[in-house]
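Asker: Fold the following, please.
(chains A, B and C)
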Amino acid sequence: MSIVTLTSDFGSKDSFAASMKGVILRINQQAQIVDITHEIGPQDIWEAAFSLKTAYSYFPKGTVHLAVVDPGVGSGRRPIIAVTESYYFVGPDNGIFSLIYQEAERLRVHHITAAHYFLPNPGPTFHGRDIFAPVASWLSKGIPSGNFGDVVEDYVKLNVPLPKVAAGGIEGHVIHIDRFGNVITNIGFKDLRSLFPEGTEVGPVTITVAGKEIKGMKKFYAEAGPGEASAIFNSSGYLEIFLFKQNARTALSLKRGEPVRLALQK
Amino acid sequence: MSIVTLTSDFGSKDSFAASMKGVILRINQQAQIVDITHEIGPQDIWEAAFSLKTAYSYFPKGTVHLAVVDPGVGSGRRPIIAVTESYYFVGPDNGIFSLIYQEAERLRVHHITAAHYFLPNPGPTFHGRDIFAPVASWLSKGIPSGNFGDVVEDYVKLNVPLPKVAAGGIEGHVIHIDRFGNVITNIGFKDLRSLFPEGTEVGPVTITVAGKEIKGMKKFYAEAGPGEASAIFNSSGYLEIFLFKQNARTALSLKRGEPVRLALQK
Amino acid sequence: MSIVTLTSDFGSKDSFAASMKGVILRINQQAQIVDITHEIGPQDIWEAAFSLKTAYSYFPKGTVHLAVVDPGVGSGRRPIIAVTESYYFVGPDNGIFSLIYQEAERLRVHHITAAHYFLPNPGPTFHGRDIFAPVASWLSKGIPSGNFGDVVEDYVKLNVPLPKVAAGGIEGHVIHIDRFGNVITNIGFKDLRSLFPEGTEVGPVTITVAGKEIKGMKKFYAEAGPGEASAIFNSSGYLEIFLFKQNARTALSLKRGEPVRLALQK
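Answerer: Alright, predicted model coming up:
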């Protein structure tokens, strides 16, 4: 059995995702299809990149990850397959796999051109169904990635702003806000760790966001008092701003892009 | 392995759809269950008919499509199985399969009466779980459709208003608005094609909707300028009104039923 | 093949649920994963308990039901496995399985401590992925529940207020409002039945809720007139307040906890 995951901005009220699943199953009835999410904001390539990044590595080796947030559908943008040491990624060449490229130990990107793997007469608005789904399904059946098209080197990468790490602290920003209103930043535990000599403990820090100061880090959510703006390194290794059983996004009026500063306490 | 798809207005916050899946798997543990959508507006039979129509034909031959938008549950409305040349459809006889009936090359409709296939003591409010799910699952296991009840001819069909095609143009209306705010009409490419002699090219057209004129058709979304109300024949073959990376529904204040006129340019 | 169901407050826009599915499939690629719902209100343990209760018993014997609404994640609250005569339940020991405990004929609860079944280095905020998903998947592969930890007796039970049944009537309250705005109470048909001698018919009743009187019970939804506040015993056996094709929650301004009184008509 082989696994195909789906990430898209197709939502759940239309039949877009279901049509892709039908196409996949018609080619490979043994495929096990798993939704990562279809609730990516319309055309929000970054959000798709982030969702995929937080989930892809938990799937079995050989999984085919199909991602379709594709405002350029029907234009000249290329359909691609990215092959890493463990997974296949299928989607448009618009940067949606940028965070995968950063983490891959080995990476090869193919420009998909072998139209005999597509549905006949692909329409102009739904390559998810007509091109990406059949390619992903054929891949999941074992067709070698090289059969779909030549290797390219000039694939598109999103500009992914990294946090600025200096001696006294780290400057980052909000990269995602989850369903609970927890606010995830691009500051990683490794960034903090790098401020201290190896073998020593990480010292106390102060987080500043939207004019608010947060002293110290929590070890788990329930450690925070009622209404207390708090910070934690979450289970993806990112600095996260939260309020226990409350929505930090609304409580602190935060949004994606908001600057976040982590400073060592003197 | 056999596939059962689900279409309903049960939403995703309650356990309705899950109960149906449990019932299906208890009867046929080999069933592969695929959601088309559960986000149909409450009691919106048309929307369910449309969603099903845009997705069903992409599934493997033999797929059982189960659809439950069922305001008449527990009343006298009949449970039915519709059998076409390629698929089975299971649901209430309220017109939910009307668009399937239009497209089927062969069609046979059974009134489901064989209660020994139901869950024991079906409740009055949830035939999706107690009647339709078990029937769909038994069908997916290969029980012949004739075993469930007699053929009927007076099954319910929704009044599906077709576009009016005249020499100078086509009058249709909005039949669906998708997650992106793209506005889908009942004007098909075939309707436009029929205005021109065979072997000739399709000439330029003007679309009028909500007092707004759209000149010409785009070939793909990204061809439209920022904020430009545009039209395209989408990947289901329907005329679609859109704005690139914007929501045409809100930008143009459109809703289902809104008249749309396509006229040949002089 | 073995079935694992998922119930959570993770929503569908983030990749939380997908990460759990990846973990499950990496351990047991034969697992069939079914979502009950991920749309439980954030931290709403009761709602999760109710959703699970209405769905779990429709699944095949041996199904592993995984439920994660877990505000105490990372704190001292225990991870548990509850084993009944037919199913396994995996989740935090915060009362989420309270309604299962009430219905189980046989019940054994294990405190999960065998860390070699967890993902390496579980994070502080996502035991769904790092602890519960792998345990559920190993269970679905046939690892005996006793291998995960010792039996405990002091597992947490929510205070589940039962309706007060007296000679003249029953006092209960609203316990759930579904997607349609149907308002479900904790008054069961058995409660009503108990007011009448065995072998006699159930007499006419009046329901009072939010100052509104509802005379008599409907047999099915469509029996109610337009705009008529109505009551029915639904397919889970609960007294339900509804309006035909309308939203009773908004029409009657009802919410969870609202008192409901059922009185015998004189």
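
Asker: Can you tell me what sits against stretch A:180-189?
Answerer: Stretch A:180-189 has contacts (Cβ atoms under 8 Å, 6 or more residues apart in numbering or on different chains) with A:161-163, A:170, A:172-178, A:209, A:233-234, A:236-243, A:246-252, A:254, A:258, A:260, A:262, C:9, C:42. C-beta here means a position set from N, CA and C on the backbone, and glycine is covered the same way.

Asker: give me that answer again for 6 Å
Answerer: When contacts are defined by Cβ atoms under 6 Å, 6 or more residues apart in numbering or on different chains, stretch A:180-189 is touched by residues A:163, A:170, A:172, A:174-177, A:233, A:237-242, A:247-249, A:254, A:260, A:262, C:42.

Asker: Likewise for stretch A:10-18?
Answerer: Contact with stretch A:10-18 is made by A:38, B:36-37, B:39, B:51, B:54-55, B:178-179, as judged by Cβ under 6 Å, 6+ apart.

Asker: JSON lines for these, including pLDDT, distance to chain C and secondary structure?
Answerer: Converted to JSON lines, the contacts of stretch A:10-18 look like this (pLDDT from 0 to 100; distance: Cβ to the nearest Cβ, whole Å; DSSP: H, G, I helix; E, B strand; the rest coil):
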{"residue": "A:His38", "pLDDT": "98", "distance to chain C": "8", "secondary structure": "coil"}
{"residue": "B:Ile36", "pLDDT": "98", "distance to chain C": "15", "secondary structure": "strand"}
{"residue": "B:Thr37", "pLDDT": "98", "distance to chain C": "12", "secondary structure": "strand"}
{"residue": "B:Glu39", "pLDDT": "98", "distance to chain C": "9", "secondary structure": "coil"}
{"residue": "B:Ser51", "pLDDT": "97", "distance to chain C": "17", "secondary structure": "helix"}
{"residue": "B:Thr54", "pLDDT": "97", "distance to chain C": "21", "secondary structure": "helix"}
{"residue": "B:Ala55", "pLDDT": "98", "distance to chain C": "19", "secondary structure": "helix"}
{"residue": "B:Asp178", "pLDDT": "97", "distance to chain C": "18", "secondary structure": "coil"}
{"residue": "B:Arg179", "pLDDT": "97", "distance to chain C": "13", "secondary structure": "coil"}
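
Asker: and which of those is nearest to A:Phe59?
Answerer: Using Cβ to Cβ, A:His38 is the member of the contacts of stretch A:10-18 that lies nearest A:Phe59, at 17.1 Å.

Asker: these two touch, right, that closest one and A:Leu6?
Answerer: No. If you go by Cβ atoms under 6 Å, A:His38 and A:Leu6 don't touch, sitting 7.0 Å apart.

Asker: Between those two, which has more neighbouring residues?
Answerer: A count of neighbours by other Cβ atoms under 10 Å in any protein chain shown puts A:Leu6 above the other of A:His38 and A:Leu6, at 25 against 21.

Asker: Next up, phi/psi of the more buried one, please.
Answerer: phi -130, psi 130 (degrees, to the nearest 10).

Asker: likewise the one 10 residues further on?
Answerer: Dihedral pair for A:Phe16: phi -60, psi -50, per degrees, to the nearest 10.

Asker: Same check on A:Asn234?
Answerer: Dihedral angles (degrees, to the nearest 10) for A:Asn234: phi -80, psi -170.

Asker: Next: the one 10 residues further on.
Answerer: For A:Phe244, the backbone dihedrals (degrees, to the nearest 10) come out as phi -60, psi 120.

Asker: Please give me every residue in contact with it.
Answerer: Applying Cβ under 6 Å, 6+ apart to A:Phe244 gives the contacts A:221, A:224.

Asker: if we can go back for a sec, can I have the buried ones of the contacts of stretch A:10-18 as a PyMOL selection?
Answerer: Filtering these down to the buried ones (16 or more other Cβ atoms under 10 Å in any protein chain shown) takes a single PyMOL command:
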select buried, (chain A and resi 38) or (chain B and resi 36+37+39+51+54+55+178+179)
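
Asker: The contacts of stretch A:10-18: which two are farthest apart?
Answerer: A:His38 and B:Thr54 (15.3 Å).

Asker: Walk me through the regions of chain A where pLDDT falls short of the threshold, as ranges.
Answerer: A:1 (pLDDT under 70).

Asker: ok, then the element right after the longest strand along it?
Answerer: Across chain A, the longest stretch assigned as strand under DSSP state E is strand A:169-177. Using DSSP states H and E, the helix or strand that follows strand A:169-177 in sequence is strand A:183-188.

Asker: List the strands paired with that following strand, with their directions.
Answerer: Looking at strand A:183-188 with DSSP bridges, its partner strands are strand A:169-177 (antiparallel), strand A:238-242 (antiparallel).

Asker: what's the most buried one of those?
Answerer: strand A:238-242 (a mean of 25; mean count of other Cβ atoms under 10 Å in any protein chain shown).

Asker: quick one: what helix or strand has the most centrally placed residue in chain A in it?
Answerer: Nearest to the mean C-alpha position of chain A, by Cα atoms, centre = their mean, lies A:Phe50 at 2.2 Å. Assigned by DSSP H and E, A:Phe50 falls within helix A:45-55.

Asker: The next helix or strand after that helix: partners in the sheet, and parallel or antiparallel?
Answerer: Counting by DSSP H and E, the element after helix A:45-55 in chain order, helix or strand, is strand A:64-68. Using DSSP bridges, the strands paired with strand A:64-68 are strand A:2-8 (parallel), strand A:88-92 (parallel).

Asker: centre of the chain versus the first one, how much separation?
Answerer: Strand A:2-8 sits 13 Å away from the centroid of its parent chain (Cα atoms, centre = their mean, to the nearest Å).

Asker: which residues touch that strand?
Answerer: Against strand A:2-8 from outside (Cβ under 6 Å, 6+ apart): A:24, A:31-36, A:38, A:48, A:51-52, A:63-68, A:136, A:140.

Asker: Good, wrapping up.
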